[in-house]
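Asker: have a look at this prediction, sequence included:
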Amino acid sequence: MLGFSAYGALVLCGALGPGFARGLALLCLLLAGAAALSRVFLASRVSAGGESVSEELLGVIPKALSLSRRLFWAAVALAVAGCFCGVYALSAQKVQNVQNLAGQKLVVRGQVLDYPLEQYHRYYYKLQVVGLGEEEGPVEEVEPFTLRLSASMPLVCEPYDTVECAVTFYAFDQGGGLYSTYSSRLADGYQAGGYLSQYEGIVVETSQALAPGKLLAELRRQVGRELDRALPRREAGLLKAMVLGDGSGISQEDMGHFRQLGVSHILVVSGLHMTVLAAFLQFFLKRFPIRKAVGNLLTAMCLFLFLLLTGFQPSATRGAVMYGVLLLADSFGRRSDGINSLGLAVLLVCAGNPFAGGDLGFALSVTATLGIVSLYRPLYRKFLGDRLTGLPRKLWKPAASSLGATGAALLGTFPVQISVFGGFPLLLPLANFLMVAPGTALVYLSFCGAFFSLLPATAPLAAPFLWAAGWMARLLLGLAALLAQWKGLFLPLTSGVALVVTVGVLLLLMAAGLAGRDRPLRKLLVGAMAVLVVFGAVFQGWLNRDKAVFVVPYAEDQSCVVLIQNGRAAVLSCGGYQTGSVEEILRQHNVTRVETLCLPLSDGDSREAAALVLESYGAETLVMPQDAYVGRDLELALGEGALEFREAGESFPVLEGITAQILPRWEGLRLTVHGQEVLVEWEQAASQSCQLLFTNQGDTRVNSSLSVWQTDAIIGENGQGFTFSQEGLVLPVEDGCFAVEIDSQGEVAVRRES
């Protein structure tokens, strides 16, 4: 209970913001004091009445003692929650002091903590800053903080070298709710972000000390190199993600497949990996004549080694701590309770990281484990009792166990899935069921291969494990690609109709479970579920008919706009460093085909995003500027689609009934959608007016009633939320994306999507 109260306090602080943390801490402590006083008062009344015991009092005393115990634990839980809120407030204040450096260009002196993470064609370093100074002045010592340093080229340095360079600071985006970029970065241990301002004048001091962190970084790098050497690029990237927590080697296409199926948790090191590894080690060690305590100690040592390889990621740490509690109880011959073990693990993780409440991966791990601990056995018995006709019990037991674990985890994470992703893939249960077995085997093989590759003497023993892991990784990637071919199977729950249908189906499922062996009633309930789903789908389709939806993700200083109507899409621009965002938008809106893809820019990110869309969804027409470079990559991805070169001023159809006109010098597009004038601005356009503007220009000269900005140039003092300009309403896309709907009557509505 204490662990969950601490985690709940951190989640509440992360959702409300640092400004409410102090008030929450004071409120929790006051409530804890009230509960403690109530318990003292109740205990005094019971002790005072104990002098004259009567039959009536004998019946009241047990209830009073039970209430007294509840008040005691309530007081303790509230006190723990208050303390964690206070720790969060103090930590957030320190972070805010560093975030105030946003926009400043300073000389930074710090220690590199690890090798860089290569992502989005950039290199990201974890830097422990110990000194700051002006460009022409001395560097003065400051209270150390961790900086996420971005550079377009790698620095010539090793872990734990000291670097002195010019850095421009920026603030983490706080838009998007609890699991925003701000919360995610803080949960990962970063207090500030910055990018390298210039490559001249960089000073690197090589460290000769053998620090434990440096040895750990070298160890992880050595394992990663062995995987790259032994396996092809795709398979090695998957193994490095599952063993080392390094997902930079996974392609955007493969990542999109796993996200589309809702099984991206397989790609990250989590408590699931720790659990299956520990279970395998326990099963293996029991075959040897060793004492139980020795076997448990060896298992704990292997888990600790796995944590070293992963860099002590929060979700993996939670799984290791929980299983460590189970091993400790087993060594002393006691039976450990799963809920209490999970609570203790959560408490320890939260104590080590006050920002763990904003870690989405940790939330999914906790809820999935809670679901398995609470619901696995009932679901397993249910599936085992309803086995397929004629299938032997021994053959059905593994399938029932897999279905029970998958179903329990899905039910546990369901609230998080709905609140964060706005829905869930319909193929998620099938994908989990098919991928659990190869994913588990891949964890075993990957760990053994990585373990033996650590030392030159045992490196030959790693070859067969890595060979088998490579084929298992290929099978897993092939399954993901095969299932991802089915489009339009995402169930969005952003509308009221979908939410009502989902709740109704869940209630009917619960009623069917309680119906027992009453087959006529169960058939009636199943029929009611089918009718409810069909009616909901038809009604939702009737509500969305001819509705045009412009979806605009955060693209930093680029332009990315997708137009969707009646299940068809037109990609009007696809820039930005998040090259898979367009594909994610198409998936969540159940688009099965892209009619038009307009590619005004030919930079690396835009071309990569366009190729991903063409490979996954295809396009009837690819529109590019006259004399633009196409390239072999786009030609192969386009396939049988048509390639059209257009000049400024020309018009072309983007969707049925919607035509776009290219602005002069390919500055953007002008469209008329249900009577509304819409302008998509890629480059600064001439002064003009429209009803709806999508732009990435901080100094745009277009006047509009509603402007959606994909740049943070307009975000000033308020930092987040809606701001008003002199011309009309302005919506900054700080994180996630905006969806602007225009119905057949020309009415405009705006909503934020995850």
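Answerer: The structure has been received and is ready for your questions.
Asker: make it CA atoms for all contacts and neighbour counts henceforth
Answerer: Will do.
Asker: residues contacting Leu692?
Answerer: Contacts for Leu692 were tallied using C-alpha atoms under 8 Å, 6 or more residues apart in numbering; they are Gln676, Glu677, Val678, Leu679, Ser704, Ser705, Leu706, Ser707, Val708.
Asker: list the buried residues of the strand or helix carrying it.
Answerer: Per DSSP states H and E: Leu692 is located in strand 688-695. Going by neighbour count (16 or more other C-alpha atoms under 10 Å), the buried part of strand 688-695 is Ser689, Cys690, Gln691, Leu692, Leu693, Phe694, Thr695.
Asker: from the residues you listed, pick the one nearest Lys214.
Answerer: Nearest to Lys214 among those is Thr695, at 44.8 Å by C-alpha to C-alpha.
Asker: and the pLDDT at the closest one?
Answerer: Thr695 carries a pLDDT score of 88 in this model.
Asker: how close does the spatially most central residue of the chain get to Ala481?
Answerer: Closest to where the C-alpha atoms of the chain average out (C-alpha atoms, centre = their mean) is Leu360, at 5.2 Å. Applying C-alpha to C-alpha, to the nearest Å, the value for Leu360 to Ala481 is 25 Å.
Asker: likewise Val561?
Answerer: According to C-alpha to C-alpha, Val561 stands 26 Å off from Ala481.
Asker: which residues touch Ala151?
Answerer: Applying C-alpha under 8 Å, 6+ apart, the residues contacting Ala151 are Arg122, Tyr123, Tyr124, Tyr195, Leu196.
Asker: quick check: phi and psi on it?
Answerer: The phi/psi pair for Ala151 (degrees, to the nearest 10) reads phi -140, psi 140.
Asker: and the next helix or strand past the lowest-mean-pLDDT helix or strand in the chain?
Answerer: When each helix and strand of the chain is scored by mean pLDDT, DSSP states H and E, strand 723-724 comes last, with a mean of 36. Moving toward the C-terminus from strand 723-724, the next helix or strand (DSSP H and E) is strand 729-732.
Asker: which neighbouring elements make contact with that next one?
Answerer: Packing partners of strand 729-732 (3 or more C-alpha pairs under 8 Å, 6 or more residues apart in numbering; DSSP states H and E): strand 702-709, strand 723-724.
Asker: surely the residue nearest to the centre of the chain is in contact with Tyr179?
Answerer: Yes - under the criterion of C-alpha atoms under 8 Å, Leu360 makes contact with Tyr179 at 6.0 Å.
Asker: helix, strand or coil: sort out the closest residue to Leu364 other than its chain neighbours for me.
Answerer: Excluding the flanking residues, the one nearest Leu364 by C-alpha to C-alpha, 6 or more residues apart in numbering is Thr413, at 5.9 Å. Using DSSP: H, G, I helix; E, B strand; the rest coil, the structure places Thr413 in helix.
Asker: how about Thr413, what does it touch?
Answerer: Residues near Thr413 by C-alpha under 8 Å, 6+ apart: Leu364, Thr367, Ala368, Gly371.
Asker: hang on, the earlier thing: by neighbours, which of the contacts of Ala151 wins?
Answerer: Comparing the contacts of Ala151 by number of neighbours (other C-alpha atoms under 10 Å), Tyr124 comes first, having 24 neighbours.
Asker: which SSE is immediately downstream of the strand or helix carrying Leu614?
Answerer: If you go by DSSP H and E, Leu614 is part of helix 604-617. Next helix or strand after helix 604-617 toward the C-terminus (DSSP H and E): strand 619-625.
Asker: could you give the mean pLDDT of that next one?
Answerer: In this model, strand 619-625 has a mean pLDDT of 91.
Asker: got the buried residues for the helix or strand following it?
Answerer: Elements were assigned by DSSP H and E; along the chain past strand 619-625, the next helix or strand is helix 632-638. If you call a residue buried by 16+ other C-alpha under 10 Å, then helix 632-638 has these buried ones: Leu634, Glu635, Ala637, Leu638.
Asker: Gln745 - that's part of a helix, no?
Answerer: No - for Gln745, which was evaluated using three-state DSSP, the result is coil, with no helix membership.
Asker: tally up the residues packed near it, please.
Answerer: Gln745: 11 surrounding residues under other C-alpha under 10 Å.
Asker: how about it: what's its closest non-neighbour residue?
Answerer: If the residues on either side of it in the chain are set aside, Gln745 comes closest to His674, at 6.7 Å by C-alpha to C-alpha, 6+ apart.
Asker: now Glu683
Answerer: In space, Glu683 is closest to Glu667, 4.7 Å off (C-alpha to C-alpha, 6+ apart).
Asker: thought that neighbour was touching Thr695?
Answerer: No - contact criterion C-alpha under 8 Å: Glu667 and Thr695 do not qualify, at 10.4 Å.
Asker: find the residues that touch each one of those two.
Answerer: Counting by C-alpha under 8 Å, 6+ apart, the shared contacts of Glu667 and Thr695 are Glu681, Trp682.
Asker: before we move on, the earlier item: make CSV out of the helices and strands packed on strand 729-732 and add mean neighbour count.
Answerer: Shown next, in CSV, are the helices and strands packed on strand 729-732 (neighbours: other C-alpha atoms under 10 Å):
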stretch, mean neighbour count
strand 702-709, 21
strand 723-724, 13
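Asker: possible to save these as a markdown table with distance to Pro456?
Answerer: As requested, the helices and strands packed on strand 729-732 are exported to a markdown table (distance: least, C-alpha to C-alpha, whole Å):
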| stretch | distance to Pro456 |
| --- | --- |
| strand 702-709 | 55 |
| strand 723-724 | 61 |
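Asker: and Gly668, what does it touch?
Answerer: Contacts of Gly668 were listed using C-alpha under 8 Å, 6+ apart, and they are Ile662, Leu679, Val680, Glu681, Trp682, Glu683, Ala685.
Asker: gap between it and Leu261?
Answerer: For Gly668, the distance to Leu261 (C-alpha to C-alpha) stands at 34 Å.
Asker: same thing with Leu375?
Answerer: To Leu261, Leu375 is 23 Å away according to C-alpha to C-alpha.
Asker: next one: Leu12
Answerer: Applying C-alpha to C-alpha, the value for Leu12 to Leu261 is 29 Å.
Asker: would you map the helices across the stretch 401-550 of the chain?
Answerer: Secondary structure of the stretch 401-550 of the chain (DSSP state H, counting those that start in this stretch): helices at 428-452, 459-483, 496-514, 519-543.
Asker: what comes into contact with the last one?
Answerer: Here helix 519-543 makes contact (C-alpha under 8 Å, 6+ apart) with Val497, Ala498, Val501, Gly504, Val505, Leu508, Leu509, Ala511, Ala512, Ala515.
Asker: next, the angle from that helix to helix 496-514.
Answerer: Per axes from the mean of the first three to the mean of the last three C-alpha atoms, to 10 degrees, the angle that helix 519-543 makes with helix 496-514 is 170 degrees.
Asker: gap between helix 519-543 and the chain center?
Answerer: Distance of helix 519-543 from its chain centroid, counting by C-alpha atoms, centre = their mean, to the nearest Å, is 32 Å.
Asker: would Glu741 count as being in a helix?
Answerer: No - going by three-state DSSP, the assignment for Glu741 is strand, not a helix.
Asker: I'd guessed it sits against Ala548; true?
Answerer: Yes - assessed by C-alpha under 8 Å, Glu741 is found in contact with Ala548 at 5.8 Å.
Asker: quick one, which of the two is more surrounded?
Answerer: Between Glu741 and Ala548, counted using other C-alpha under 10 Å, Ala548 has the larger neighbour count: 24 against 21.
Asker: per-residue confidence for the closest residue to that one other than its chain neighbours?
Answerer: Excluding the flanking residues, the one nearest Ala548 by C-alpha to C-alpha, 6+ apart is Gln565, at 4.8 Å. Among the per-residue scores, Gln565 holds a pLDDT of 90.
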